[in-house]
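[1] Sequence and predicted model, in that order:
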Amino acid sequence: MQNNKIFIVLLLVLSGAIAFAQPSTISPYSKYGPGVIRPNTFARNFGIGGVGIGLRSNREVGLMNPASYSGLEVTTFDVGYTSNSLWLTDGVEAQAETKSYIDHLVFGFPIVKNVWGMSFGFLPYSNVGYNYSKVVEVVNVGRVSVLENGEGALSKAYFGNGFDINIDSTSNFSFGANGYFLFGSITSEKTVLYGDIPGAFNVLNIKTVAVSDFGVDFGIQYTKKIERVDKDALIIVLGAVYVLESDLKTETDEDEISFSGTVESLEIESVNIQNKDVQGLMQLPSELGFGASLEKEHKWIIAADYKTTGWGSIETNDPVFNYKSNYSINVGGQFIPKHDGQKYLERIAYRAGARFLNSHLEINNTGWHEYGITFGLGLPVRRAESSFPRLNVGFEYGKRGTIESGLIEEEFFNLNVGLTINATWFRKRKYD
């Protein structure tokens, strides 16, 4: 039986690594930098506005702050799925599409109960997926059609530990760290068609950037439990996280193809290798975040996060866009009518939240904001002999971008579904 469980773990890890490599966006903003960056939120966090720095649970993996791993009391498996519906408009034309992807695949378990917890898993870091065209007038050339498309993804495999130090009987200090490996590739294609010049060769540029390197992030939490006579206790958690700036190693291949005919039926005239296995760096900024939560045990939680990133310290060679330092604010809450109630609706966790983010990109000297409102449910599932499954469902509606300066406004609706299973896999059986 133990060998079967190990086999299942390895199979899930392998399938997760493959699934996260798939592109899963159509956002034109994914063209820039590493693409659309995905938050480190699971289905529970998703439903409460994406908060998590100041959250702590004995049955949930809190990836947003590795210090929370020390609170795990049972082996925990968590897998998530996201469906992203996106509507794009430039003020004149519109486009809509839905993409789905595996959101995360993680494990967490206590090494020493209430002292040392550990977690590892896979999740997407960023996604690239865009496809658009434009026609421009060039002096002495005429109409030139430019087609651009790209796809790819960066994935994250992480391994983390969290440790707990008791201050007194009602308070403790926790600290933790994640080591992670980012990997994946991004391919971009740019086709230039000279339609008004008879006999002119068109140009197709294909560029692939492979990324693979390590990074690390840290977290701390302070927890205070306030006991109350004849009432459920109140729990206050204060947390902070820091992500180190990273210079990720890259390897670039770039080819330029001259051809006649159309893109669908081209006749290659020449292939010019621009770059082959060229070593380089992709910079990622440092991040600093703070979070707090107040919980009435077994009843309700309210929480808030604030995070800043240092994108402004990273320079680009592209005249079209530049990075700027940004911040995000997340707030949310959860309410359970009666956690041990007889009626099913009483045991459901009802969640809601909101988030605000100013973009780390400026395109054509124009920036924008992003916001979302979220709702979610934590649905208890009939337990088995040694597991306690829960189905978490979250919904988000929001907007990002702008139609100013020739840019695109995006309206999105996200559905997130996650399954959390707490199992006592490593408990020794006792026989009479």
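    Sure, I can see it. Numbers count the residues shown, from 1 in each chain.

[2] Mind giving me the packing neighbours of the helix or strand encompassing Ser185?
    With secondary structure defined by DSSP states H and E, Ser185 is part of strand 171-194. Of the remaining helices and strands, those touching strand 171-194 by 3 or more CB pairs under 8 Å, 6 or more residues apart in numbering; DSSP states H and E are strand 116-138, strand 142-168, strand 202-228. Using the backbone N, CA and C atoms, a C-beta is placed for each residue, glycine as well.

[3] where's that strand relative to the chain centroid, distance-wise?
    Centroid separation between strand 171-194 and its chain, computed with CA atoms, centre = their mean, to the nearest Å, is 9 Å.

[4] which residues of this structure score low on pLDDT?
    By pLDDT under 70, the low-scoring segments of the chain are 1-24, 196, 261-266, 383-388, 424-432.

[5] What are the boundaries of the helices in it?
    Secondary structure of the chain (DSSP state H): helices at 2-19, 43-47, 344-347.

[6] any idea how far Phe375 is from Tyr228?
    Just so we're on the same page, residue 228 is Arg rather than Tyr. 30 Å (CB to CB, to the nearest Å).

[7] again with Glu227
    Taking CB to CB as the measure, Glu227 falls 32 Å from Phe375.

[8] These two: which is more packed in?
    More neighbours surround Phe375 than the other of Glu227 and Phe375, with 18 against 11 (other CB atoms under 10 Å).

[9] Provide the partner residues of that one in its beta bridges.
    Beta-bridge pairing for Phe375 (DSSP bridges): Ala352, Phe395.

[10] Please apply the same query to Gly219.
    Beta-bridge pairing for Gly219 (DSSP bridges): Gly176, Val241.

[11] list the contacts for it?
    53, 64-68, 162, 175-177, 239-242 (CB atoms under 8 Å, 6 or more residues apart in numbering).

[12] hmm, 10 Å instead?
    Taking CB atoms under 10 Å, 6 or more residues apart in numbering as the contact definition, Gly219 lies against 53, 62-69, 160, 162, 174-178, 239-243, 289, 291.

[13] again with Asp232
    Asp232 makes contact with 295-300, 339 under the criterion CB under 10 Å, 6+ apart.

[14] Stretch 325-344: end-to-end distance?
    Across its full length, stretch 325-344 reaches 46 Å between end residues, using CA to CA, to the nearest Å.

[15] so how far is that stretch off the chain centroid?
    From the chain centre to the centre of stretch 325-344 is a distance of 20 Å (CA atoms, centre = their mean).

[16] Please apply the same query to stretch 80-98.
    On the basis of CA atoms, centre = their mean, the separation between the geometric centre of stretch 80-98 and that of its chain is 18 Å.

[17] List the buried residues for it?
    Using 16 or more other CB atoms under 10 Å as the burial criterion, the residues of stretch 80-98 that qualify are 80-82, 84, 86, 88.

[18] check contacts around Ile235.
    Contacts of Ile235 were listed using CB under 10 Å, 6+ apart, and they are 56, 170, 223-226, 293-297, 301.

[19] Narrow those residues to those that are buried.
    For the contacts of Ile235, a neighbour count by 16+ other CB under 10 Å gives the buried set as 56, 223, 293-297, 301.

[20] Out of these, which sit inside strands?
    The strands, defined by DSSP state E, take in 223, 293-296, 301 from those.

[21] Need these in a markdown table (columns: distance to Ser119).
    Shown next, in a markdown table, are those (distance: CB to CB, whole Å):
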| residue | distance to Ser119 |
| --- | --- |
| Thr223 | 18 |
| Ser293 | 19 |
| Leu294 | 25 |
| Glu295 | 21 |
| Lys296 | 27 |
| Ile301 | 21 |
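
[22] So which of those is the closest to Phe395?
    The shortest approach to Phe395 among those belongs to Ile301, at 18.6 Å (CB to CB).

[23] can I assume the closest one is in contact with Val331?
    No. Applying CB atoms under 10 Å, one finds Ile301 not in contact with Val331, separated by 11.6 Å.

[24] Identify the contacts common to these two.
    Here Ile301 and Val331 share the contacting residues 48, 51, scored by CB under 10 Å, 6+ apart.

[25] returning to that earlier point: okay, the contacts of Asp232 in TSV with distance to Glu370 next?
    Compiled in TSV, the contacts of Asp232 are given as follows (distance: CB to CB, whole Å):
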residue	distance to Glu370
Glu295	28
Lys296	32
Glu297	34
His298	34
Lys299	32
Trp300	28
His339	34
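
[26] biggest separation within those, which pair?
    When the contacts of Asp232 are compared pair by pair using CB to CB, the farthest-apart members prove to be Glu295 and His339, with a separation of 12.1 Å.

[27] What sits closest to Val136 if chain neighbours are left out?
    For Val136, the nearest residue in space outside its immediate sequence neighbours is Val144; the separation is 5.4 Å by CB to CB, 6 or more residues apart in numbering.
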